[in-house]
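# Kindly return the folded structure for what I paste below:
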Amino acid sequence: MPEGDTVWHTAALLRQHLAGRTLTRCDIRVPRFATVDLTGHVVDEVLSRGKHLFIRGGPASIHSHLKMDGSWRVGNRPARVDHRARIILEANEVRAVGVDLGVLEVLERDRDAEAVAHLGPDLLGPDWDPARAAANLTARPDRPLAEALLDQRVLAGIGNVYCNELCFVSGHLPTAPVGALGDPARLVARARDMLWLNRSRWSRCTTGDTRTGRQLWVYGRSGQPCRRCGTPIAFDDTGERVAYWCPSCQR
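Below you'll find the model as predicted:
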């Protein structure tokens, strides 16, 4: 599931393969931008902002968001291309393919920041500000904790996996009010640590144990024993997002 760490890692991979190279092919398979051709422009910057990704070259910026199922595949040709491809970029032997992207648009480079102006501090970005993030989180004390953590206007980069894991390490149910947090700044710091430690790997780990099947506290572990107390992990999929929690460790 793409979250801020996945997007950061994806941007780093695209930067490694494309930055400083001249595009020799630009095939955008979105009707609104199908006639846009950036062939001949040099890719001089690739960056992430929360869950958003920007590839900048010349006067244009390619803005994408992976949503639930999207991905970028990059490497030496031939990379696999099928009907799910929304964009193909090539720089001689290098090919980058955006697959099932939830958002794909071409923006004016000097105005692309407007697309993410609504976001809160980026957990993996140069604008990271823990004090501002904690203030955003506690601005509405009655708001459910999970809802606040998932709101990208509060802090940018947390998705459902980290949301469930953070609720667990805080000792609170996903439905508990934000005002129940004894130390919001500590939870914000833990969120930063989780994403920062996972930013350079695809296999996400929040427990500190990277062995297969040991990486997460509660997410995806319905019915399995809690790693702390042994109580079976509870699960609810009736809302907009699935929730996992330990009925004993979280109150």
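
# Pop the domain breakdown of this structure in here.
The record's domain parsing of the chain by the TED database lists 4-116, 130-245.

# what mean pLDDT does the last one have?
So that's domain 130-245. Mean pLDDT, computed over domain 130-245, is 97.

# cool, the shortest one as well?
For domain 4-116, the mean per-residue pLDDT is 95.

# how far does that domain stretch from start to finish?
Domain 4-116 stretches 14 Å from its first residue to its last (Cα to Cα, to the nearest Å).

# Distance from it to the middle of the chain?
Domain 4-116 has its C-alpha centroid displaced from the chain centroid by 16 Å (Cα atoms, centre = their mean, to the nearest Å).

# Once you drop chain neighbours, what's closest to residue 34?
residue 28 (5.9 Å; Cβ to Cβ, 6 or more residues apart in numbering). Bear in mind the C-beta positions are built from the backbone N, C-alpha and C, glycine included.

# List the contacts of the one you found.
Residue 28 sits next to 34, 36, 86-87, 104, 106 when contact means Cβ atoms under 8 Å, 6 or more residues apart in numbering.

# Now render those residues as TSV, adding neighbour count, distance to residue 156 and secondary structure.
Converted to TSV, the contacts of residue 28 look like this (neighbours: other Cβ atoms under 10 Å; distance: Cβ to Cβ, whole Å; DSSP: H, G, I helix; E, B strand; the rest coil):
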residue	neighbour count	distance to residue 156	secondary structure
34	10	30	coil
36	15	27	coil
86	19	23	strand
87	22	23	strand
104	18	19	strand
106	19	22	strand
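
# Give the bridge partners for the residue nearest to residue 34, please.
Beta-bridge pairing for residue 28 (DSSP bridges): residue 87.

# what about it, distance to residue 160?
Separation of residue 28 from residue 160 (Cβ to Cβ, to the nearest Å): 29 Å.

# Check residue 207 too.
From residue 207 to residue 160 the distance is 17 Å (Cβ to Cβ).

# Between these two, tell me which one has more neighbours.
More crowded of residue 207 and residue 160, by other Cβ atoms under 10 Å: residue 160, with 20 against 14.

# what's near enough to touch that one?
Counted by Cβ under 8 Å, 6+ apart, residue 160 has contacts 1, 3, 150, 219, 241-242.

# quick revisit: CSV for the contacts of residue 28, including distance to residue 114?
Formatted as CSV, these follow (distance: Cβ to Cβ, whole Å):
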residue, distance to residue 114
34, 23
36, 18
86, 22
87, 21
104, 17
106, 14
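
# For the stretch 101-250 of the chain, just list every one of the helices.
For the stretch 101-250 of the chain, the helices defined by DSSP state H, counting those that start in this stretch occupy 130-137, 145-150, 160-170, 184-198.

# Identify whichever of these lies nearest to residue 226.
Closest of those to residue 226 is helix 160-170, at 8.7 Å (criterion: Cβ to Cβ).

# just the contacts of residue 28 now: which is nearest residue 96?
So of the contacts of residue 28, ranked by how close each gets to residue 96 (Cβ to Cβ), first place is residue 87, at 8.1 Å.

# and the gap between the closest one and residue 185?
Relative to residue 185, and taking Cβ to Cβ, residue 87 is found at 40 Å.

# now residue 76
45 Å.

# Pick out whichever of the two has more residues nearby.
Taking other Cβ under 10 Å, residue 76 and residue 185 do not tie; residue 185 has more neighbours (15 against 10).

# Quickly note the distance from the more buried one to residue 179.
Taking Cβ to Cβ, one finds residue 185 at 14 Å from residue 179.

# possible to save the domains of the chain as a markdown table with distance to residue 123?
Formatted as a markdown table, those follow (distance: least, Cβ to Cβ, whole Å):
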| stretch | distance to residue 123 |
| --- | --- |
| domain 4-116 | 6 |
| domain 130-245 | 4 |
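
# So for residue 124, which of these sits nearest?
When the domains of the chain are compared by Cβ to Cβ, domain 4-116 sits nearest residue 124, at 4.7 Å.

# circling back to that earlier point, ranking the contacts of residue 160 by neighbours, who comes first?
In these, the most neighbours by other Cβ under 10 Å go to residue 219, 24 neighbours.
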